[in-house]
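Participant: quick one: sequence and predicted model below, then my questions.
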Amino acid sequence: IGKTALIYEIYKPVTQHRGYFAAGKFDQFQGNVPYRAITQVLSDLVEQIQTEDGESVARWRDTITKAIAPNGKLLTDLVPELELLIGAQPEVATLEPSESENRFQLTIQNFIGAFCRPEHPLVMFLDDLQWANPASLRLREVLLTSDLRYLFLIGAYRDNEVDATLPLSRSMQRMRKEG
């Protein structure tokens, strides 16, 4: 009880020190929608950038475009408001499913990595992880095991709603096993 309120107490000190705080929440009834909370995080970051001054927005446009090239279309399809920031993106090549997922995860990792800097660290909050689907949890694992610095990833879940059959339990077991 109150886990979300506690996490949002971090918001003020993070933003006062020029950091970014972005949040997303998984939903019990939309658990089959891949990357739902991650999409909310990306959208939140884009909205924050769009409120900054013109010079800052231009810097972010360049930084993000470089970070996600040549796969920007993957993210503008996922977060349409990103296209308003970086412009229309070229189509991407069709790949086999596993290669496509790896490319997608790398593109999101590169996007998030653009925000993870000493001058503006990133705090990501993923709420209600007990409702996350396997694809979202794999991406979470990728982010947690990557070499991204200046990223603080917070995940919250209701432990009374987690049993061994949920994808979150298996994900946590894999991460514990891998250290």
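Facilitator: That came through fine.
Participant: going forward, measure contacts between C-alpha atoms and count neighbours the same way
Facilitator: OK.
Participant: where in the protein is pLDDT low?
Facilitator: 1, 30-31, 160-165 (pLDDT under 70).
Participant: now the helices for it?
Facilitator: Under the criterion DSSP state H, helices of the chain are mapped to 3-8, 11-16, 36-50, 54-68, 72-78, 81-86, 97-115, 134-145, 167-177.
Participant: OK, contacts around the one residue sitting closest to the centre of the chain?
Facilitator: With distances taken as C-alpha atoms, centre = their mean, residue 38 lies nearest the centre of the chain, 4.1 Å away. Residues near residue 38 by C-alpha atoms under 8 Å, 6 or more residues apart in numbering: 24, 126, 136.
Participant: the last one and residue 110: what is the separation?
Facilitator: Going from residue 136 to residue 110 by C-alpha to C-alpha, to the nearest Å gives 16 Å.
Participant: go on, residue 35?
Facilitator: Residue 35 is 16 Å from residue 110, by C-alpha to C-alpha.
Participant: looking at residue 136 and residue 110, which is more packed in?
Facilitator: residue 136 (25 against 19; other C-alpha atoms under 10 Å).
Participant: you'd agree that one is up against residue 34?
Facilitator: Yes - Residue 136 is within contact range of residue 34, at 5.9 Å (criterion: C-alpha atoms under 8 Å).
Participant: what's residue 150 sitting at in phi/psi?
Facilitator: phi 70, psi 30 (degrees, to the nearest 10).
Participant: that one: what's it in contact with?
Facilitator: Per C-alpha under 8 Å, 6+ apart, neighbours of residue 150: 116-118, 121-122.
Participant: can you tell me which of these end up in strands?
Facilitator: Here DSSP state E is the test, and the contacts of residue 150 give residue 122 as lying in strands.
Participant: out of the contacts of residue 150, flag the one nearest to residue 172.
Facilitator: Comparing the contacts of residue 150 against residue 172 with C-alpha to C-alpha picks out residue 122 as the nearest, at 22.6 Å.
Participant: need the contact list for that closest one.
Facilitator: 19-22, 115-116, 150-152.
Participant: dig out what it forms beta bridges with.
Facilitator: Beta-bridge partners recorded for residue 122 (DSSP bridges): residue 20, residue 151.
Participant: what does the one 4 residues further on give?
Facilitator: Taking DSSP bridges, one obtains residue 24, residue 155 as the residues bridged to residue 126.
Participant: dump the residue contacts of it.
Facilitator: 23-26, 37-38, 153-156.
Participant: likewise residue 45?
Facilitator: Residue 45 touches 20-22, counting by C-alpha under 8 Å, 6+ apart.
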